[in-house]
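S.K.: Pasting a predicted model and its sequence here:
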Amino acid sequence: MSDSGGSSGYSATGEEHPSPAAGAVGREKKKEKTRLSRKSLILWHTHQNDAAAVRKLLNEDRSLVHARDYDNRTPLHVAAIHGWVDIAKCLLEHEADVNAQDRWKNTPLADAEGAKRLDVIELLKSYGGISYGPNGSHFEPKPVPPPLPNKCDWEIEPHELDFSNSVLIGKGSFGEIRKACWRGTPVAVKRILPKLSDDRLVIQDFRHEVNLLVKLRHPNIVQFLGAVTEKKPLMLITEYLRGGDLYQHLKEKGALSPSTAINFALDIARGIAYLHSEPNVIIHRDLKPRNILLVNSSADHLKVGDFGLSKLIKVQHSHDVYKMTGETGSYRYMAPEVFNHWKYDKKVDVFSFAMILYQMLEGDPPMSNYEPHEAARYVAEGHRPIFRAKDFIPELRE
């Protein structure tokens, strides 16, 4: 989805001539907009390990070293987690705050230690980095206590949400998702239908999703911001991603170039790998293009969203399988063991991921000549979609 905000300038036709004061305001707004987008750029280039682009941005505007994302994370946090030494050095040379704290009070060093990035750990310590933070890095596999009893950090008062210019993003059987505003920030709000606010199963599923989301922190997972659980309607608030979903993107673009498809696939894979980290494994169970979101209209970064059907399991042995609900999720992307009501594990997400990759390379959904339920049955019988596109290398096809 793209914003349709008003322009801060005037048309080039010369039909309107702003006063000097109005022109100054317009220029200031334009500068502010550019500055904000550059903050996003430096975070993105850091995430991509593009040291040259980061250095260029910093040479143009040193203040970008202090850019922050939704989680209050700086470029140095991002470099520390990924282990990008060259970028971390560049940021520190441009006077990055080595002990900046993110939303969870973690420093870059705390994240580097959690991710075991030894070279970055050494570098940060040489600049006076301190390791502290109550939560540690999100890479640490330690169990997280159930969050619901202690809601003070994320319970949102309904009056803080501004729906005056809200836009409908999506609709389901239990509610709707709207773009709204929270403390001046665009957010996505999943709102449970009032008539279902007393339905025991709906409330249970809603709390389950909140319980999962509040624990997740990763660049390729949609970020949970808060929830309304004590007043009706029940609402779940996440970051708003301007690029819309992958389903719509593929509908408009068709087959993606192999390089774009691979970059998209890597983002999705990073998100899934994080969910699948043992011992507390989260099986998404409904991976499909509609649940993969594009960060912006440039479509250069993806995040996995919608955890309404996800399941948290505590892994004892890596080859364990579990008895879980069959036929859960969307038939066209469903693994055979789910369709057949067999025991299954996190590999069902890998199957769905493969189907999404197929669609990105081919342009059409897998088994597009079958109805969704028939497609799932056909796949459960051992059939697989056939790759027809000619423009990618044999190694990738294999």
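M.R.: Looks like it arrived, so ask away. Numbers count the residues shown, from 1 in each chain.

S.K.: Tell me where the model's unsure across this protein.
M.R.: Scanning the chain for pLDDT under 70 picks out the ranges 1-36, 132-152, 173, 278, 311-329.

S.K.: which stretches of it form helices?
M.R.: 20-47, 51-60, 75-82, 85-93, 108-114, 118-126, 200-213, 246-253, 258-275, 336-339, 347-362, 372-380, 394-397 (DSSP state H).

S.K.: Identify whichever of those helices lies nearest to R68.
M.R.: Proximity to R68, assessed across these by Cβ to Cβ, is greatest for helix 20-47 (7.5 Å). All C-beta spots, glycine's among them, are computed from the backbone N, C-alpha and C.

S.K.: Need the residues that contact stretch 258-274.
M.R.: 138, 216, 218-221, 246, 256, 284, 287, 292, 299-304, 349-350, 353, 356-357, 360-361, 391-393, 396 (Cβ atoms under 8 Å, 6 or more residues apart in numbering).

S.K.: And for stretch 202-219?
M.R.: Contacts of stretch 202-219 (Cβ under 8 Å, 6+ apart): 47, 71, 78, 104, 138, 144, 146-148, 154, 174, 192, 196-197, 223-224, 227, 229, 234, 236, 238, 270-271, 274-275, 282, 303, 307-308, 310, 312.

S.K.: Now for K195, how many residues are close by?
M.R.: 9 (other Cβ atoms under 10 Å).

S.K.: And the contacts of stretch 258-274, which of them are buried?
M.R.: The neighbour count (16 or more other Cβ atoms under 10 Å) marks 138, 216, 218-221, 246, 256, 284, 287, 292, 299, 301-304, 349, 353, 356-357, 360-361, 392 as buried among the contacts of stretch 258-274.

S.K.: on that earlier part again, would you list the helices of the chain in TSV and tack on distance to N165?
M.R.: Formatted as TSV, the helices of the chain follow (distance: least, Cβ to Cβ, whole Å):
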stretch	distance to N165
helix 20-47	18
helix 51-60	32
helix 75-82	31
helix 85-93	37
helix 108-114	36
helix 118-126	42
helix 200-213	25
helix 246-253	21
helix 258-275	30
helix 336-339	40
helix 347-362	33
helix 372-380	35
helix 394-397	44
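
S.K.: what about E122, distance to A80?
M.R.: 12 Å (Cβ to Cβ, to the nearest Å).

S.K.: Between the two, tell me which one has more neighbours.
M.R.: When E122 and A80 are compared for neighbours, A80 comes out ahead with 34 against 12, by other Cβ under 10 Å.

S.K.: quick one: contacts for the more buried one?
M.R.: 88, 108-109, 111-112, 115, 117, 120, 124.

S.K.: returning to what we had before: out of the helices of the chain, nearest to R183?
M.R.: helix 20-47 (15.9 Å).

S.K.: any idea how far N49 is from Y274?
M.R.: 18 Å.

S.K.: next one: R397
M.R.: Taken as Cβ to Cβ, the span from R397 to Y274 is 28 Å.

S.K.: about what we covered before: buried among the contacts of stretch 202-219? Make that a ChimeraX selection.
M.R.: Buried residues among the contacts of stretch 202-219 (16+ other Cβ under 10 Å), as a ChimeraX selection:
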select :47,71,78,104,138,154,174,192,196,197,223,224,227,229,234,236,238,270,271,274,275,282,303,307,308,310
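
S.K.: Restricted to strands, list the contacts of stretch 202-219.
M.R.: 192, 224, 227, 236, 238, 282, 303, 312 (DSSP state E).
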